[in-house]
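Visitor: model the following, please.
(2 chains)
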Amino acid sequence: MRVSLRAVAIILLCLGAAVTSTAQEGHPLKGSWIGVWQGNQAHGDSIVVILDWDGRAVSGIINPGTDNIDIASVDLDPEDWTVRIEASGEDAAGKRLNYVIDGEIQDLALPSRSIVGRWRHQDGSGSFEISRQ
Amino acid sequence: MFRLRVMGRTGGRFFAGAILVCSSAAALAHHAIVAKFDDSSTLRLEGVVTKVDWRNPHAHVFLNVESNQGTANWAIELESPIDLVANGWQSDSVQPGDALVIDGYRARDGSRQMWGETVVLAKTGRTVFNLDFAAPTLPLGERPTPRWPNGQPALGAVPGSAGGYWGFPSATALVENGVDVEISVDGLLSDLDDARRVAPMQSWARGLFEHRQSRQLRDDPLFLNCKPPGGPRQYESRHGVQFIEDRERERIFVLIGSGNRNYRIIFLDGREQAGQVGGDDDNPLYYGRSAGRWEGDTLVVDTRGFNEDFWMTNSGLPHTNQLVLTEKFSRPNLDTLQYEVTIDDPGAYTRPWTASWSLRWVGGEELPANFCQNNRP
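Guide: Modelled structure (predicted):
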């Protein structure tokens, strides 16, 4: 399962490098994001995050189709463009892991903006960086 | 570059007087200029022309300037050749070897670039490349609204007339009616603290608006990528709009003079408003899907189905694909188009809000031949 996610992520990363990000002048979190959460033993280093905005809240999922980690909440502070994502998923043994990702939007004006920060759950932590595709 | 105090419309006669005050300045709206040049940092250069580059979107004159450090070549950016030609200037109005005195503004990045506000031939003292942005002189008496045989107002030219388009918008930055803020014709607020007053934005939208403002609107996708001036922006744009009314097919084509010179269709045939975002043959995405109906002498248009790939105002107000516009067009006399737009976007704003302004009839002319794609920086 994890191998296939990596393969998909690599393909998407290559595609992302080859094409310009889709313009997105609306809510800055909306879109598909690809990157890494370093040192994640449970779900691998590669990460895909899909975020949407309905006018009241940001919702989404991490690694759809493979890990299917549901995002419980997303908080965006437009004063400093910091982001907190809370999500919950299971590792291969079925243990529930509660993720907290704290980051900051960089290059806000660009369609290919990034979120850079750190991830953590009860068994680990590491750096985090995703870029909008 | 001008700064205007913009006050949202509060009275029916507001525009009658304001249009004359604002029209000359409004035509100067130009994001690229304020993003690139600092209008608070003036500069005078005296030198000799080495080259004239006569290309859209802006002409350039290159000037050799002598100083204690030797000779330096400066790039002087001027208005668009389209506007310069419309004011009688040609590429050879100034030639290599001419000595010039130029006043203007320094580039923000400190490079040897300057926005040329006034250009004077040193030999004769004659000002060149100056533009007259004044709207056409209004007739002494109000001219009646042109109408179709069924009595409906004509929003464009009627058959047999000399043609024309709408230009010289009385406002070039979207501000909620009744709100009084100082904002430049380019859409830049004088005081960033006023951002929260411009419109009832959600916090993320206000943060994004402030971010765009703080960067002097340099991220505007219209200038960076020639994205269309969708939504209300088409009516606050420099090169105006032209209405072509296809009575037989029950639709109005709105030809858009700015951006990349495309068009929008307002359907008057009673079709259902689907409002899909995905796009189809009658949904151009950047302009939404527009279904209109006449209410007396006012055309009321419901527009939805916008994508999120453009800025809907010169000032950079955000929107989402939940945006629905209710636009009202009326022509109280031949020379005036009243435009009112209600913005209902629960994705970006806390409540619906309304702004309104007017445009002036430019009779006997077609839209200026502006093409954003023609030459990007």
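Visitor: B:Leu43 bridge partners, please.
Guide: B:Leu43 forms beta bridges with B:Gly104, as assigned by DSSP bridges.
Visitor: for it, give me its contacts.
Guide: Contact partners of B:Leu43, counting by CB atoms under 8 Å, 6 or more residues apart in numbering or on different chains, are B:103-106, B:114. Every C-beta, even on glycine, is put in place using the N, C-alpha and C of the backbone.
Visitor: next one: phi and psi at B:Asp83?
Guide: The phi and psi values for B:Asp83, taken as degrees, to the nearest 10, are phi -70, psi -40.
Visitor: that one and B:Leu131 touch, don't they?
Guide: Yes. B:Asp83 lies in contact with B:Leu131 (CB atoms under 8 Å); the separation is 5.7 Å.
Visitor: so, low pLDDT: which residues of chain A?
Guide: A:1-22 (pLDDT under 70).
Visitor: quick one: the residue lying farthest from the centre of it from A:Gln41, how far?
Guide: No residue in chain A has its C-alpha farther from the mean C-alpha position than A:Ala93, which lies at 22.4 Å (CA atoms, centre = their mean). A:Ala93 is 11 Å from A:Gln41, where distance means CB to CB, to the nearest Å.
Visitor: most centrally placed residue in chain A?
Guide: Closest to where the C-alpha atoms of chain A average out (CA atoms, centre = their mean) is A:Val49, at 3.6 Å.
Visitor: just send the contacts of B:Leu43 back as CSV, with distance to B:Gly288 and neighbour count too.
Guide: Shown next, in CSV, are the contacts of B:Leu43 (distance: CB to CB, whole Å; neighbours: other CB atoms under 10 Å in any protein chain shown):
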residue, distance to B:Gly288, neighbour count
B:Asp103, 43, 15
B:Gly104, 39, 21
B:Tyr105, 37, 22
B:Arg106, 40, 18
B:Met114, 40, 25
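Visitor: between those, which is closest to A:Gly35?
Guide: B:Arg106 (39.6 Å; CB to CB).
Visitor: isn't the closest one right up against B:Arg44?
Guide: No. Applying CB under 8 Å, one finds B:Arg106 not in contact with B:Arg44, separated by 10.8 Å.
Visitor: next, residue 130: phi, psi?
Guide: Picking chain A for this. phi -130, psi 150.
Visitor: chain B was what I was after
Guide: Here is the backbone geometry of B:Asn130 (degrees, to the nearest 10): phi -80, psi 150.
Visitor: so what's it up against?
Guide: By CB under 8 Å, 6+ apart, the residues touching B:Asn130 are B:87, B:118-119.
Visitor: quick one, which of these are buried?
Guide: Buried members of those, counted by 16 or more other CB atoms under 10 Å in any protein chain shown: B:Val119.
Visitor: the contacts of B:Asn130 into CSV, with extra columns for secondary structure, distance to B:Leu192 and pLDDT?
Guide: Compiled in CSV, those are given as follows (DSSP: H, G, I helix; E, B strand; the rest coil; distance: CB to CB, whole Å; pLDDT from 0 to 100):
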residue, secondary structure, distance to B:Leu192, pLDDT
B:Asn87, coil, 34, 82
B:Thr118, strand, 29, 91
B:Val119, strand, 32, 93
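Visitor: ok, the residue lying farthest from the centre of chain B to chain A distance?
Guide: Here chain B reaches farthest from its C-alpha mean at B:Asn68, the gap being 42.1 Å by CA atoms, centre = their mean. B:Asn68 is 40 Å from chain A, where distance means CB to the nearest CB, to the nearest Å.
Visitor: okay, that residue: pLDDT?
Guide: According to the prediction, B:Asn68 has pLDDT 93.
Visitor: quick one, what contacts the closest residue to chain B within chain A?
Guide: Here chain A gets closest to chain B at one residue, A:Pro78, 2.6 Å apart by CB to the nearest CB. A:Pro78 makes contacts with B:203-204, B:206-208, as judged by CB under 8 Å, 6+ apart.
Visitor: show me where chain A has helices.
Guide: With DSSP state H, the ranges of helices along chain A come out as A:2-18.
Visitor: for it, longest strand please?
Guide: In chain A, taking DSSP state E as the definition, the longest strand is strand A:96-106.
Visitor: how much space separates the residue nearest the centre of chain B from chain A?
Guide: Centroid-nearest residue in chain B: B:Ser237, 1.8 Å away (criterion: CA atoms, centre = their mean). Here B:Ser237 is placed at a distance of 17 Å from chain A (CB to the nearest CB).
Visitor: nearest residue to that residue in space, ignoring adjacent ones along the chain?
Guide: Excluding its sequence neighbours, the residue lying closest to B:Ser237 (CB to CB, 6 or more residues apart in numbering or on different chains) is B:Ser258, at 3.5 Å.
Visitor: before we move on, what about B:Asn307?
Guide: In this structure, B:Asn307 finds its nearest non-sequential neighbour in B:Leu285, 4.5 Å apart by CB to CB, 6+ apart.
Visitor: and that neighbour, helix, strand or coil?
Guide: Using DSSP: H, G, I helix; E, B strand; the rest coil, the structure places B:Leu285 in coil.
Visitor: and it, what pLDDT?
Guide: Here, the pLDDT recorded for B:Leu285 equals 77.
Visitor: one more: B:Phe133?
Guide: B:Phe133 carries a pLDDT value of 71.
Visitor: same thing with the one 3 residues further on?
Guide: The model reports B:Pro136 with a pLDDT of 77.
Visitor: please verify my assumption that it contacts B:Glu365.
Guide: No. Using CB under 8 Å, B:Pro136 makes no contact with B:Glu365, being 9.3 Å away.
Visitor: surely A:Asp123 touches A:Ala42?
Guide: Yes. Applying CB under 8 Å, one finds A:Asp123 in contact with A:Ala42, separated by 7.3 Å.
Visitor: from chain A, how far off is B:Asn130?
Guide: According to CB to the nearest CB, B:Asn130 and chain A sit 34 Å apart.
Visitor: and if you look at B:Pro146?
Guide: Taking CB to the nearest CB, one finds B:Pro146 at 38 Å from chain A.
Visitor: show me what contacts the closest residue in space to that residue that isn't next to it in sequence?
Guide: By the measure of CB to CB, 6+ apart, the closest residue to B:Pro146 outside its immediate chain neighbours is B:Ala154, 4.4 Å from it. With contact set as CB under 8 Å, 6+ apart, B:Ala154 has these partners: B:145-148, B:245, B:331.
Visitor: give me the buried subset of those residues.
Guide: Neighbour counting by 16+ other CB under 10 Å classes B:145-146, B:245, B:331 among the contacts of B:Ala154 as buried.
Visitor: so which two of those are the farthest from each other?
Guide: B:Thr145 and B:Glu245 (13.8 Å).
Visitor: quick check: buried residues in stretch B:40-56?
Guide: Per 16+ other CB under 10 Å, stretch B:40-56 contains these buried residues: B:43, B:45, B:47-49, B:52-54, B:56.
Visitor: same question, stretch B:196-208
Guide: In terms of neighbour count (16+ other CB under 10 Å), stretch B:196-208 has its buried residues at B:198-202, B:204-208.
Visitor: turn the residues you listed into TSV, columns for pLDDT.
Guide: Formatted as TSV, these follow (pLDDT from 0 to 100):
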residue	pLDDT
B:Val198	98
B:Ala199	98
B:Pro200	98
B:Met201	98
B:Gln202	98
B:Trp204	98
B:Ala205	98
B:Arg206	98
B:Gly207	98
B:Leu208	98
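Visitor: closest to chain A among those?
Guide: Using CB to the nearest CB, these come closest to chain A at B:Gly207, 2.6 Å.
Visitor: returning to what we had before: joint contacts of A:Asp123 and A:Ala42?
Guide: Counting by CB under 8 Å, 6+ apart, the contacts common to A:Asp123 and A:Ala42 are A:Leu97.
Visitor: which one of these two is surrounded by more residues?
Guide: A:Ala42 (18 against 11; other CB atoms under 10 Å in any protein chain shown).
Visitor: I figured the more buried one hits A:Ala92, correct?
Guide: Yes. Contact criterion CB under 8 Å: A:Ala42 and A:Ala92 qualify, at 7.3 Å.
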